[in-house]
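**Student:** Sequence first, predicted coordinates after that:
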Amino acid sequence: MAIELAPLPFDYEALAPHMSADTLRFHHDKHHATYVNNLNNLVADSELADATLEDIIKQVHGDTAKAGVFNNAAQVWNHDFFWNSLKPGGGGAPSGDLAGMIDASFGSYDGFRAAFLEKATKQFGSGWAWLVLEGDKLAVTSTGNADTPVAHGQTALLTCDVWEHAYYLDYQNRRPDYVNTFLDSLANWDHAAAQLSAA
Ligand code: MN3
């Protein structure tokens, strides 16, 4: 059963002016779609053809002969997760259990915010910034290229794609402006809270 390109969970215009419809069309319909097509071509007629995305990632992680499968599978998973980490009218501080865990793990929301911004802006080259659950504490991490918390036994709660294709049309080289906008206007805390509840 082929891996499918999930539709965006919002309209192409829904995140403007923070993330434009042009960015979403290129990023979802071209970049994300290419990872899905590449992955399906790579696993067709193999023992991974019927595996779930997470199983593919875990099975081929660290296998240098299958780096292409890992990179494309992880990028599909990361992008599915990224679209759900965004919402119109998002951003700012979360509430509920998540707010308590952020205070316990980072001292305050501002402590979390500064740590996430630093990870996202200092990730050299392409990659991802994450809020993850490790044991019973939250942490912020970054991963390079396609790497994903799925391969490292962490539960992802929220992610920001910091590949240039995620922000170049709207922010050119200003990655900090893009990440600040993600934190203040786009982050989907409902999604993060649902991941925490399911963990
Ligand atoms: Mn991307």
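**Tutor:** That came in fine, so what should we check first?
**Student:** quick one: stretch 21-28 near the ion?
**Tutor:** No. Contact of stretch 21-28 with the ion is not found when judged by C-beta under 5 Å from the ion; the minimum separation is 5.6 Å. Any C-beta I mention is one placed from the backbone N, CA and C, and that applies to glycine too.
**Student:** Quote the end-to-end distance of that stretch.
**Tutor:** Start-to-end span of stretch 21-28 (C-alpha to C-alpha, to the nearest Å) is 10 Å.
**Student:** How about the residues of this protein by the ion?
**Tutor:** Among all residues of the chain, those adjacent to the ion (criterion: C-beta under 5 Å from the ion) are 161, 163, 166.
**Student:** Could you tell me which of those belong to helices?
**Tutor:** If you go by DSSP state H, the residues of the chain next to the ion have nothing in helices.
**Student:** These into CSV, with extra columns for pLDDT?
**Tutor:** Written out in CSV, the entries for those read as follows (pLDDT from 0 to 100):
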residue, pLDDT
Asp161, 98
Trp163, 98
Ala166, 98
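**Student:** quick one: which of these is nearest to Asp190?
**Tutor:** Of all the residues of the chain next to the ion, Asp161 has the smallest distance to Asp190: 18.9 Å, by C-beta to C-beta.
**Student:** that older thread, which of the residues of the chain next to the ion sits closest to Ala65?
**Tutor:** Relative to Ala65, the closest of the residues of the chain next to the ion is Trp163; by C-beta to C-beta it sits at 24.8 Å.
**Student:** quick one, helices of the protein?
**Tutor:** Using DSSP H, the helices assigned to the chain run over residues 21-24, 33-43, 53-60, 67-84, 96-106, 109-122, 168-171, 175-181, 189-198.
**Student:** most tightly surrounded among the ones you listed?
**Tutor:** Comparing these by mean neighbour count (mean count of other C-beta atoms under 10 Å), helix 67-84 comes out on top with a mean of 22.
**Student:** Tell me which of the helices of the chain lies nearest to Asp147.
**Tutor:** Proximity to Asp147 (C-beta to C-beta) singles out helix 67-84 among these, at 6.6 Å.
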